[in-house]
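Asker: Sharing a sequence plus its predicted fold:
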Amino acid sequence: QVQLVESGGGLVQAGGSLRLSCAASGRTFSGYAMAWFRQAPGKERLFVSLISSSGDSTYYADSVKGRFTISRDKAKNMVYLQMNSLKPEDTAVYYCATRLIGTYYYASSYEIWGQGTQVTVSS
């Protein structure tokens, strides 16, 4: 069974850093782009970042550009999101997603999701 499992969330003060991890199991995802989304309470799930299947191309939401970095280790079927200079508005549940079937910045374009990991940034 295909699974994505996120980890690395937690509570951090504003200005701090966290590194999220997404482990893919059940099959090899080296041929797929991988993305991170986030969802704050009562709000829609929003695009954060995407890395291409090759790892050569990355995309970021304007709100995180320059602060977050996405990377992947294809040998380990892992995707990471390094988050620096965190702000209270970054507080959300962060989700890993793959199997892109449409426009990359729409949550509805992804077929496989992890369970999410909570990130809370205190002011």
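Answerer: Good, I have the coordinates.

Asker: shaky segments in this structure?
Answerer: 1, 27-28 (pLDDT under 70).

Asker: So which residues of it form strands?
Answerer: Along the chain, the stretches classed as strands by DSSP state E are 3-7, 10-13, 18-25, 34-39, 46-51, 58-60, 68-73, 78-83, 92-100, 110-113, 117-122.

Asker: Dump the fifth one to CSV, restricted to CA.
Answerer: Once non-C-alpha atoms are left out, strand 46-51 reads as follows in CSV (Å, rounded to 0.1, in the frame of the first residue of the first chain):
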residue,chain,number,x,y,z
LEU,A,46,-2.5,25.9,0.3
PHE,A,47,0.5,25.2,-1.8
VAL,A,48,3.9,25.7,-0.2
SER,A,49,6.6,24.1,-2.4
LEU,A,50,7.2,21.4,-5.1
ILE,A,51,10.3,19.6,-6.3
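
Asker: on that earlier part again, any chance of the strands of the chain in a markdown table with mean neighbour count as columns?
Answerer: To be clear about C-beta, it is placed using only N, CA and C from the backbone, and glycine gets the same treatment. Formatted as a markdown table, the strands of the chain follow (neighbours: other Cβ atoms under 10 Å):
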| stretch | mean neighbour count |
| --- | --- |
| strand 3-7 | 17 |
| strand 10-13 | 13 |
| strand 18-25 | 19 |
| strand 34-39 | 24 |
| strand 46-51 | 22 |
| strand 58-60 | 16 |
| strand 68-73 | 18 |
| strand 78-83 | 22 |
| strand 92-100 | 22 |
| strand 110-113 | 18 |
| strand 117-122 | 17 |
